Every structure is written in C-alpha cells, then in structure tokens.
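Asker: Okay, here's the prediction I keep looking at, along with the sequence it came from:
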Amino acid sequence: MNTSILLIDDDTELCESLARLFALDQIEITSAHNIAAGKAELRSKRFDLIILDVMLPDGDGRALLKNIRDHSDVPVIMLTARGDAGDRIAGLEGGADDYIPKPFVPGELLARIRAVLRRRLGGKADMLLAGDLRIEIPMRRVLRNEQEVVLTAAEFDILLALLRRSGECVTREELTVQVLGRPVGVADRAIDNHVSSLRRKLGAQVGDTDRIRSIRHLGYCYTGFPHA
C-alpha cells in the first residue's frame, strides 16, 4: 500500500465498502466510528490523509478538525449529509482541504483524494509533506519524523525533483540537467552517488516500501509512502 487514510465515519457499511474498493488503488483505509476512536488512531499512527464526517455519535467532526489543525497539517476531506454552502464554507474556513456531500460516488471521492495529495506535493508550495518527510522549501530544510536531516545542495534538489513527480520515473538525464546543470556524460555516476547518499541519510525504506526505487536503465522514482 502506498497511501494510508484514516476514515472517521459511523457508517460501518460505508467504511467497509470504501476499504475494499480503495485497496485496489493501493490505498489502505483505517476506520474509526466516533471522535474518541479517531483520536486514538491519530495518536498511534501517521496517516497521509483523513476523511472526516461532520456528524458523529459523540460530537461534531468540525471540532475534531480544529483539534487536528492545532498540531498537524495532515490533509483533511470533510463528509456531510448536509450539502448547503454554509456548511462547506465553515468546513473549509476551519482548515479542511476539501468538502464532499453525501451520498457520493466512490470514484469522485477517490478523485478528490488524489487532487488533495497532488496539491500537497505541488511545485509552488512552501512546504511538502510526504509520508515521514517534511520539506521546508524556502529554508531548504528536510525533517524526517520531525528530526532534521542534513543534505547537500545536490541531494536536496534531487529529493525535491523526485517528490514533485512522486510515483513517476525521473530520468538520470533530467536530474543531471536540472540539478547539476550539465548534460549527462558517458558512464556518469554522479546522480547515482547522490541518490545512494540520500537513501543512507533518509533510510532506504519506509516500512516495507522502498523510499527511492531504481528504474533500470532509466532513473529513479520516489515511492516511500508508509501505510502505518
């Protein structure tokens, strides 16, 4: 699994159905059916995104959203059976990344999830969040599990290039031109050496997933998104 999502909703049938469907798209869903259970999951695991229902048995999901925003920038998509504009505006102003009314088509929710995650890895953002990494772009600072990792200028630029095209192969030629400012030479191992150093500093794997995957004879792909 490449993406880990916490779904906080008291509709157990909906949770089970989405978990089965989204598993086909390499998304693992952990379900919690009330605010208390959701908080417990958030304390015990790191998630790439949260799907949060507004109306829960033990309170208002927007109160939980405020609590999440007090200490985390994790993307949040709100669900509601009340689809009026006032509810959507309140949720978005409260820090939600997106808002979708019930009932919805699972494919639409999946598209919203992908769009939110793409925006979080957008090239113009001041900060990128990718699994256990936080990249503060203006300061050229990288934190892994909130611990700073010191990278060289070339290592930072390679990591940023891979993250901005996460899940895609970035060729050695592209990385050499973009990062080193020159064409790739015959038997040129510069990029390979920098990637090897990145793996050593950041950890070669995230859980059981390779952080940076080598694509034979082509280049590299950033795949390091944990599911727990």
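Answerer: Thanks, I have it. Numbers count the residues shown, from 1 in each chain.

Asker: Residue 209 contacts residue 224, correct?
Answerer: Yes - using Cβ atoms under 8 Å, residue 209 is in contact with residue 224, at 5.8 Å. The C-beta positions use only the backbone N, C-alpha and C, and glycine is treated the same way.

Asker: neighbour-wise, which of the two wins?
Answerer: Counted by other Cβ atoms under 10 Å, residue 209 and residue 224 do not tie: residue 224 has more neighbours, with 25 against 15.

Asker: which one's the longest helix in the protein?
Answerer: The single longest helix within the chain, with elements called by DSSP state H, is helix 106-120.

Asker: Could you give me the buried positions within it?
Answerer: 109, 110, 112, 113, 116, 117, 120 (16 or more other Cβ atoms under 10 Å).

Asker: Going by distance to residue 134, which of the residues you listed wins?
Answerer: residue 120 (10.9 Å; Cβ to Cβ).

Asker: okay, now the domains of the chain?
Answerer: 3-120, 127-222 (automatic domain parsing).

Asker: Can you lay out these as a markdown table showing mean pLDDT?
Answerer: A markdown table is the format used below for the domains of the chain (pLDDT from 0 to 100):
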| stretch | mean pLDDT |
| --- | --- |
| domain 3-120 | 86 |
| domain 127-222 | 88 |
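
Asker: Name the residue closest to the centre of this protein, please.
Answerer: The chain has residue 48 as the residue nearest its centroid, 4.2 Å off, counting by Cα atoms, centre = their mean.
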